[in-house]
Each structure stands twice: as C-alpha cells, then as structure tokens.
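Visitor: sequence plus predicted model, see below.
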Protein chains: 2
Amino acid sequence: VSELRYDVTAGEWVIVAGGRGARPQEFIPGGAFPEGLPDWSATCPFCPGNEKETPPPVLSLPDPQQPDRWLVRAFPNKYPAMVPDPEPAESTGGLFQSRAGTGGHEVIVETPIHNQPPADFDDRHLAAVLRAYRERYLNLTARPGVRYVLPFKNQGEQAGISLSHPHSQMLALPAVPEREERRVRIASQYHEQTGRCLYCDVAREELATGERVVLQSEQFAVFQPFFASRPAETWILPKAHQASFSNADDLDALAAVLGAVLRRLREAFGDPAYNYVIHSAPPGTAEQSYHWHLRLLPYLARPAGLELGTGMWVNPFPPEETARRMRG
Amino acid sequence: VSELRYDVTAGEWVIVAGGRGARPQEFIPGGAFPEGLPDWSATCPFCPGNEKETPPPVLSLPDPQQPDRWLVRAFPNKYPAMVPDPEPAESTGGLFQSRAGTGGHEVIVETPIHNQPPADFDDRHLAAVLRAYRERYLNLTARPGVRYVLPFKNQGEQAGISLSHPHSQMLALPAVPEREERRVRIASQYHEQTGRCLYCDVAREELATGERVVLQSEQFAVFQPFFASRPAETWILPKAHQASFSNADDLDALAAVLGAVLRRLREAFGDPAYNYVIHSAPPGTAEQSYHWHLRLLPYLARPAGLELGTGMWVNPFPPEETARRMRG
C-alpha cells in the first residue's frame, strides 16, 4: 500500500507508494543517451574544433595525457537564464515584485568526446569535472549580489537537455530558493535544540539502519533517504561535517563514489535519464546550519498534476527496494 | 533577458526568462491526445460496456439526452496512492517519521467517448464533470483523518496519464502539502495586516493591469499571474471571495470559462498536454485565509534539474506574451 513519509530536512510530506498491491508500473528506462551517437559531431558546439561556437572559456582543464587538448571546459551560457548585472535592482514592493536577473549561468562541457557517458569517465576524469564545479562555484559565489549558486546536471532528453554532448550547468542567483532557505532554517533550529547537525544525524541513522544504503567509502555515505521523493533518489554526503561544497577537499574520493553510483544506476535501471544537483549552504550561512550533499534524481517515473500542482511528491518505488537493487 | 518574480501567494521566487535575446526555444506542442484514437475501445476499462473492469461506482451522472447511459462516472482508483484506513496511525517521531496512507484516491471518467477531448465537451457536459468534483470533494473531506483533498487532471502522456480516456482524479490526504500550508499562512498574515484577501487583491490588480488577463466573465477572473511558474500557467478564480471549492455554486459559469480556456489553449499552442488542479482552503481553514482557484499548467516546457532539485521554477515564456496569445 502507501504511506506518507516526512522529509525532516525540508519539512515536507512525501507519498511513498509501492509494495504489495502496487500498480503494475514500469520504470522509464533507457533515456540517458540517444542511440548511435558519433564520437565527434561537426554541428555540436561542445565538440573540439568548434570552440568558436561558444563564448570564450572561463576555465579549461587540460587532458593530462594530451596536455595541448582540453578535458573539461567552462564558458558562459549563450542563452543564460540569469545574466550578471553591474547595478542590481532591488525589490519594488507591492503584489508584483521583481528583481533583475543578476547572477550568472555557465556551461561546463565534461568531455571532448561527444558520445562518452559520464558513467564511463574514469575517476581522474570525473574528479576534473568536480574541480571545475568547485572552481566556478567559488568564482560565482564571490560576485556582488549573488546569494546562491547551484551546480546541476541534466542527462537525457527526459531530464531536460537540449544538447546531448555531456555537460553540466552552474546557475548563480540573486535569491535563495525558498526550499533551500527552509532547509537552512530547519537545520539551524535542529542544531539549536540538539547541538548536532541534522544531516550528520540522518546520515548516521541511514548507515546504522543500512537498508537504504547504496555504498559507502571512508569519506562518503551514499544512501537513498527514507523520505526519497523520487524513485532511486540518491544522496552522496560527506561523513565529516561540512556545510559547503566550496570546502570539499578530497574530490578524488567524491569522484570515486559518484562514478560508482552512476554505473550502478545504469546497471540496475537500464540507463535512465537523470538529474543531479549539489546543494550547499548559501554563502554566509552558519557552518552548523547546513551540510552539503549531491542529490541524484533518476528519471524513472513521470511527475504529474499532483506533484506539479502542489509540490508534494509521489514516489511509486520505496527507497528500500531501489537501494537494494543498486547495492547489487 | 530574465528576471526573478516573487510569488506573493507562496513566498517563492520564480525565474521568468524570455523577451529579447531569448533562447530559440520551441513550445512542446501536440501532446494532449494521441493521434487516431477510436471513439470506443474494447480494452479500455473506462469505456461503456467495460464497467466491470473498474471498482463499483461511487457516483454516476446520467446523460440528459440518454438517461439510461452515464455521462460522468466516479469510482475508487484500482491502484490507489492513498487508501482509507479505519484506524489511522499517527507520527512516531524521530528522524524517520511516517503516517499510514489514510485517505482516498478516486478516478472520475469525464465522458463515455474514448477519444473526446475535454476542450470539445459542451458547457453542460463540463458542468457535470465539475459537479462530480464538488460532490466527491465534499464526500472525501468528510472522512475521518482527511486533511486535504485535491481534484486534479492529467491530459496527455507528457502530463503523466497512463490511460488516454479522459479522466480526472481525486486525492484525499492525511496531511496538507507543505506548499499549501505555507500559502494559507501567508494569506492569513496578509489578512491580519490589511483586512483583505490576498487572492482578491491579486485578481483585482491583474484585472486592472490587464496585460496578463486571458478572459473574464461576471463571476470569474481568468489570468496568467505575474509570477507564473510555467509557460501559460492560467488561474481561474472566482471574483467574489470564496475560500473553498466546496461552496462554489455556479458551476455552469465555471464550466463556461474552463471550456473557453481549454479551447484557447489548444488553438494558441497546438494542443499541448496539460495538468490542472483545484486548490481550496484545507478543511477547517478560516474563510479569509484562502481563496479557491483552478490552476491550469500546460506542458509547454520540460522541467529539468534546477526545478526538480530546488523547487525553484524557470518559466522561459513571460505570462505577458502567453496571455496575449491566448486572448487571440
């Protein structure tokens, strides 16, 4: 049957269905990559040789084996959702309040190879992608008027890509998203009441319970939270307390678990489309009021009217089942 | 370029992009109905003659022209997201809190004709669908342990349907979705401060400004709010203050505007898939702390990592443009 589970980090209820009597529903598989892509495309602006099709790079990491070629490359989005504004406007008040689109929007091309899925990157390559995230994260959070920076990735058409060449995005915003503001508030209250970090406690309890753990390493806990809002939603969370991704120092260790998770997702669920985001404490937040984590959201079920209309999620597959499947 | 707009009803920022320099993005059209559907299907559990494939009806409205046949029919969902529980459990506390799936989940078949889109229902027929919503709404809200009831509709595969025969759903929940709880709190504070209903004021200002109005009738304002979170998001809101849909008395007038809106959506945007929800004051809410409204969410752009990861929406098409297009 079904139950409501409470996301203690966000203060939200999630409907977790499934188990006996569940709808004979199938996962949505095979959406991460179109079939039959070439390894280079003359018309792809992200492929080597077409660099002039994109704005000048803000970062370029060389391929250690061919130092004259890039491995990872970042540049401003040609069609930005947010553009830097030298003189940010403030709210005008009243019922219709707006704020200029101050901030930034960048693209990070993750590989020179057009058809190389991130699940096939070696750990060293994936660590370079993560270093690019961290470097651009630091740069964007330092801009005047920026209150929140989100590294995120869409893989597969169902996950919202318009170009199939593997890439991530960095969005810098002049306001903190309401949900993240709420999560900071909740973690802050929890710390006041208990003296502990809410996310540290959740991770500790997930590792102790074990049934939703996907894997773990010395540095990272990888689990599908009790209150997973979508099928196989997976968190990668540093075991040692750390509020912001900007301070993450062992990106090789993070790359090792992220690579393993992406490969297990592909094996367990037939290469579904996916999104991931890296949530950090908004700049200026007290160290004890947040704990950064990478949140992977596979596209295994389609959100519908209920989710979009209310913000309340229905997860048709309990995390206990999907985590077992990914443990292998 | 782009700007942040503030949803004063939910306390959330929305990114509204578009205008000059916008990405050469296309609307996603044509998803409301598959091509070439027959008007009756032997394998469709919602078609006349196949009534035994569904649980016994809880409501059946006759076709006025053929009183021995049904026009609209409601029954419990065979695969419910929420099932009634005679002894609802309460939260157990701790980091992993759950609650039994008390409530209900019903299907409302809107027409006996397998391939008849709701945009083609005549007003009398659409009013019968709305009467079914109201009757089931009243029944479900009266159940013990039910704190929120949501009538909602998915039309088209991209909007989440699994059966194409036109139907809606009623979901009864043992908790109020966080977003709706927050909206009640905000409207209640606004009323304390101003003595007025927040939604009445928003509607009045939208009608006065005019540029986001789609249409209006004596009883209803139909507009795409300043802070529309998705392309062509359209609100139908009674002009006279009323907290709950359960008290809506002129369903013929509502049917007239809803039918017009669905037809204009089809004409303006090439028959896109869509969802709609009817938001009411949660049972027991003070009359001044909410104002019911039907919220139509066409599927014209695909949500991606940013939206799913943060709950913050990017609307690539400003409501001023999409409303003009639907005014015709």
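Guide: That came through, no problem.
Visitor: which residues does the closest residue to chain B within the stretch 151-300 of chain A contact?
Guide: Closest residue of the stretch 151-300 of chain A to chain B, CB to the nearest CB: residue A:160 (2.6 Å). No exception for glycine: its C-beta is placed from N, CA and C like everyone else's. Residue A:160 makes contact with A:154, A:275, B:302-305 under the criterion CB atoms under 8 Å, 6 or more residues apart in numbering or on different chains.
Visitor: got it, and residue A:61?
Guide: A:70-73, A:128, A:131-132.
Visitor: can we see that at 7 Å?
Guide: Residues near residue A:61 by CB atoms under 7 Å, 6 or more residues apart in numbering or on different chains: A:70-72, A:128, A:131-132.
Visitor: confirm that it lies within a strand, as I assumed.
Guide: Yes - assessed by DSSP: H, G, I helix; E, B strand; the rest coil, residue A:61 belongs to a strand.
Visitor: that one bridge partners, please.
Guide: For residue A:61, the beta-bridge partners under DSSP bridges are residue A:72.
Visitor: any idea how far it lies from residue A:80?
Guide: Distance of residue A:61 to residue A:80, given as CB to CB, to the nearest Å: 22 Å.
Visitor: helix or strand next in line after the least confident helix or strand in chain A by mean pLDDT, which one?
Guide: In chain A, the helix or strand scored least confidently by mean pLDDT, DSSP states H and E is helix A:305-310, which has a mean of 84. The helix or strand immediately downstream of helix A:305-310 is strand A:314-315, counting by DSSP states H and E.
Visitor: any idea of the pLDDT on residue A:90?
Guide: Looking at residue A:90, its pLDDT is 59.
Visitor: actually residue A:159, not the one I typed
Guide: So residue A:159 comes in at 88 (pLDDT).
Visitor: can you give me phi and psi for it?
Guide: When read as degrees, to the nearest 10, the backbone of residue A:159 gives phi -90, psi 0.
Visitor: next: residue A:298.
Guide: According to degrees, to the nearest 10, residue A:298 has phi -70, psi 150.
Visitor: wait, it touches residue A:268, no?
Guide: No - the criterion here is CB atoms under 7 Å, and residue A:298 misses it with residue A:268 at 9.4 Å.
Visitor: please identify which of the two sits among more neighbours.
Guide: residue A:298 (29 against 20; other CB atoms under 10 Å in any protein chain shown).
Visitor: quick one: the strands in chain A?
Guide: Using DSSP state E, the strands found in chain A span residues A:3-7, A:12-16, A:59-63, A:66-76, A:98-100, A:104-109, A:148-155, A:167-173, A:213-216, A:220-223, A:234-238, A:274-279, A:293-298, A:314-315.
Visitor: pull out the buried positions in the fourth one.
Guide: Same thing as strand A:66-76. Using 16 or more other CB atoms under 10 Å in any protein chain shown as the test for burial, strand A:66-76 gives A:70-76.
Visitor: now do the residue of the stretch 151-300 of chain A closest to chain B against residue A:263, distance only.
Guide: Distance from residue A:160 to residue A:263, by CB to CB: 22 Å.
Visitor: now stretch A:291-303 - C-alpha only, PDB.
Guide: Included here for stretch A:291-303 are C-alpha records, laid out as PDB according to Å, rounded to 0.1, in the frame of the first residue of the first chain:
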ATOM      1  CA  HIS A 291      25.700  20.000   5.200                       C
ATOM      2  CA  TRP A 292      26.400  19.900   1.500                       C
ATOM      3  CA  HIS A 293      25.300  16.900  -0.500                       C
ATOM      4  CA  LEU A 294      24.900  15.700  -4.000                       C
ATOM      5  CA  ARG A 295      21.400  14.800  -4.800                       C
ATOM      6  CA  LEU A 296      20.900  12.400  -7.800                       C
ATOM      7  CA  LEU A 297      17.300  12.300  -9.200                       C
ATOM      8  CA  PRO A 298      16.900   9.500 -11.800                       C
ATOM      9  CA  TYR A 299      14.000   9.900 -14.200                       C
ATOM     10  CA  LEU A 300      12.200   6.600 -13.500                       C
ATOM     11  CA  ALA A 301       8.700   7.900 -13.100                       C
ATOM     12  CA  ARG A 302       7.000  10.900 -14.600                       C
ATOM     13  CA  PRO A 303       5.800  13.700 -12.300                       C
END
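Visitor: and the strands of chain A, which one's lowest on average pLDDT?
Guide: Looking at the strands of chain A, the bottom one is strand A:98-100 with a mean of 86.
Visitor: quick one: low-confidence ranges for the stretch 151-300 of chain A?
Guide: Within the stretch 151-300 of chain A, no stretch has pLDDT under 70.
Visitor: get me the contact residues on the stretch 151-300 of chain A for chain B.
Guide: A:152-154, A:159-160, A:171, A:174-175, A:177-180, A:201-202, A:205, A:226, A:275-277, A:295, A:297 (CB under 7 Å from any CB of the partner chain).
Visitor: give me the buried entries from those residues.
Guide: A:152-154, A:159-160, A:171, A:174-175, A:177-180, A:201-202, A:226, A:275-277, A:295, A:297.
Visitor: which residues are in contact with the residue nearest in space to the middle of chain A?
Guide: Chain A has residue A:277 as the residue nearest its centroid, 1.5 Å off, counting by CA atoms, centre = their mean. Residues counted as contacts of residue A:277 (CB under 7 Å, 6+ apart) are A:150, A:152, A:295, B:305, B:309-310.
Visitor: specify the beta-bridge partners of it.
Guide: residue A:152, residue A:295.
Visitor: ok, it to residue B:193 distance?
Guide: In terms of CB to CB, residue A:277 sits 35 Å off from residue B:193.
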